[in-house]
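Below is the sequence, then the predicted model.
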Amino acid sequence: MAIWKKDISLEKLNATSKNTLIEHLSIVYTEFTDDALSATMPVCSITHQPLGMLHGGASVVLAETLGSVAANFCVDKEHYCVGLDINANHLRAMRKGTVTGTASPIHLGATTQVWQINITDERERLVCSSRLTIAVMKKKREK
């Protein structure tokens, strides 16, 4: 059974990136399954650090983007999700190519969610392993 509580599509997901950091880093949502969301990001000058390798911060942007967006599709319309904490272990250096991040839930609770985001290279080798904790918030009613 799918974890998504809102209609989800790649077109809808990618449309939300316009005029954001996500668009600036050329992150593109590529797949969703019943329990995961994936996106790609290029490893090139826009995502490099000064030594010419994938910037750890760019990996964290990809991880938080995937986890936060996925989290918001796992709550009803009366709730929204925001990041509380993220950690990332950078395991492999990359100088060029494309990375793919995949977010999968570890815990989908009423007030918190925890997501595991694995970022891999084209050969499916782990580049970065990240865990994101999310706060589930109730929307305030307008008076």
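Cool, got the structure.

Run through this structure and note the low-pLDDT ranges.
143 (pLDDT under 70).

where's T65 relative to R123, distance?
Distance, T65 to R123, using Cβ to Cβ, to the nearest Å: 23 Å. Backbone N, C-alpha and C define where each C-beta goes, glycine included.

Could you identify the helix or strand that succeeds the helix or strand containing L62?
Assigned by DSSP states H and E, L62 belongs to helix 56-72. Sequence order places strand 79-90 as the next helix or strand after helix 56-72, per DSSP H and E.

Please enumerate residues in contact with the very next helix or strand once past that following strand?
Using DSSP H and E, the helix or strand that follows strand 79-90 in sequence is strand 97-108. For strand 97-108, the surrounding residues in contact (Cβ atoms under 8 Å, 6 or more residues apart in numbering) are 3, 30, 35-43, 54, 59, 62-63, 65-67, 70, 74, 113-122, 127-128, 131-132.

could you redo the last one with a cut-off of 6 Å?
By Cβ atoms under 6 Å, 6 or more residues apart in numbering, the surrounding residues in contact with strand 97-108 are 36-43, 62, 66-67, 70, 74, 114-120, 122, 127.

Restricted to helices, list those.
Among the contacts of strand 97-108, the members falling in helices (DSSP state H) are L62, L66, G67, A70.

Work out which residue lies at the spatial centre of the chain.
In the chain, the C-alpha nearest the mean C-alpha coordinate belongs to L66, at 1.3 Å (Cα atoms, centre = their mean).

That one and I119 touch, don't they?
No: using Cβ atoms under 6 Å, L66 is not in contact with I119; the gap is 9.0 Å.

on that earlier part again, measure the residue nearest to the centre of the chain to K18 for me?
Separation of L66 from K18 (Cβ to Cβ) stands at 17 Å.

how much distance is there from stretch 63-74 to the middle of the chain?
When distances are taken as Cα atoms, centre = their mean, to the nearest Å, stretch 63-74 is centred 5 Å away from the chain's centroid.
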